[in-house]
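In: Below: sequence and its predicted model.
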Amino acid sequence: MGDPLDMADEEEPKVDERPIGEEELNAIVSALSKNRPVEVAYVDAHLVRSGRQVRVLVDSGNLVGDLVSKAFADSLGLQYKPDCRPIATASTEGQLMAIGECNPMQLKVKGLDQVFTVQPLVVEGLSREMNVGRDFLGRNKCALVFNTQGGELRVGGPATALLPRRPEAWGNLRQPGLPRGSKD
């Protein structure tokens, strides 16, 4: 190994500074995205009383409580008592507005035996039908567990796979209900 001061005179490696064309850039992005994990944060569930299916966003960053969109509440004909208050979000666009609170309702998550009770706030402009957060996770002793194949919602020992927002985004993730390590 030479003297570090002598190495200062060595030529630095050449860097290709030519602009990348759109086609080449798209090929690079496509290659990288194939190894990018799918964003999983949802569980399939149904409301016990109505039987209505819902894909629930399990949002550990939600510090407000159980939430439903006004559109979802209206589609179910849910009654709610008025309770207007701003809801803080991570968005820089501003706040959402809670307009009421529903009566408690029972929620059955696919793949789990337990029936959960939620009493969501009705939120104008909420982008998901139902969103449960840290209160739900704590109240029900749930844990979110992630690995390179996806994630799970665990309640004690039993677990159910976390899902992408849309089923077509499954890619290489383990399908729900299959043994660990399965891909098809």
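Out: Cool, the structure landed.

In: so where's the protein shaky on pLDDT?
Out: By pLDDT under 70, the low-scoring segments of the chain are 1-38, 90-92, 167-184.

In: just the strands in it please.
Out: 42-47, 53-58, 67-69, 80-87, 96-102, 105-109, 115-118, 121-124, 130-132, 142-147, 150-155, 159-161 (DSSP state E).

In: ok, what's across the strand from Arg154?
Out: Going by DSSP bridges, Arg154 is paired in beta bridges with Ala143, Ala159.

In: wait, it sits on Val145?
Out: Yes. With contact defined as C-beta atoms under 8 Å, Arg154 counts as touching Val145 (5.7 Å). C-beta here means a position set from N, CA and C on the backbone, and glycine is covered the same way.

In: higher neighbour count, these two?
Out: Neighbour count, other C-beta atoms under 10 Å: between Arg154 and Val145, Arg154 has more, with 15 against 12.

In: list the contacts for the closest residue to Gln53 other than its chain neighbours?
Out: Counting by C-beta to C-beta, 6 or more residues apart in numbering, His46 is the residue found nearest to Gln53 once chain neighbours are left out, at 5.1 Å. Residues in contact with His46 (C-beta atoms under 8 Å, 6 or more residues apart in numbering) are Arg52, Gln53, Val54, Leu107, Lys108, Lys110.

In: Kindly report the same for Ala88.
Out: Contacts of Ala88 by C-beta under 8 Å, 6+ apart are Leu63, Val64, Gln95.

In: Name the member of those with the most neighbours.
Out: Using other C-beta under 10 Å as the neighbour criterion, Val64 leads these with 19 neighbours.

In: which residues touch Ala159?
Out: Shown in contact with Ala159 (C-beta under 8 Å, 6+ apart): Gly111, Leu112, Val145, Glu152, Leu153.

In: Mind doing that once more with 10 Å?
Out: Counting by C-beta atoms under 10 Å, 6 or more residues apart in numbering, Ala159 touches Gly111, Leu112, Cys142, Ala143, Val145, Gly151, Glu152, Leu153, Arg180.

In: what's the distance between Ala143 and Arg154?
Out: Ala143 is 5 Å from Arg154, where distance means C-beta to C-beta, to the nearest Å.

In: what do you get for Glu124?
Out: Noted for Glu124: a distance of 33 Å to Arg154, by C-beta to C-beta.

In: Please apply the same query to Gln95.
Out: Distance, Gln95 to Arg154, using C-beta to C-beta: 32 Å.

In: and if you look at Phe72?
Out: For Phe72, the distance to Arg154 - C-beta to C-beta - is 26 Å.

In: ok, back up a step: give me the buried subset of the contacts of His46.
Out: Val54, Leu107, Lys108 (16 or more other C-beta atoms under 10 Å).

In: Looks like Leu153 contacts Leu57 (just checking).
Out: No. Assessed by C-beta atoms under 10 Å, Leu153 is found out of contact with Leu57, at 11.5 Å.
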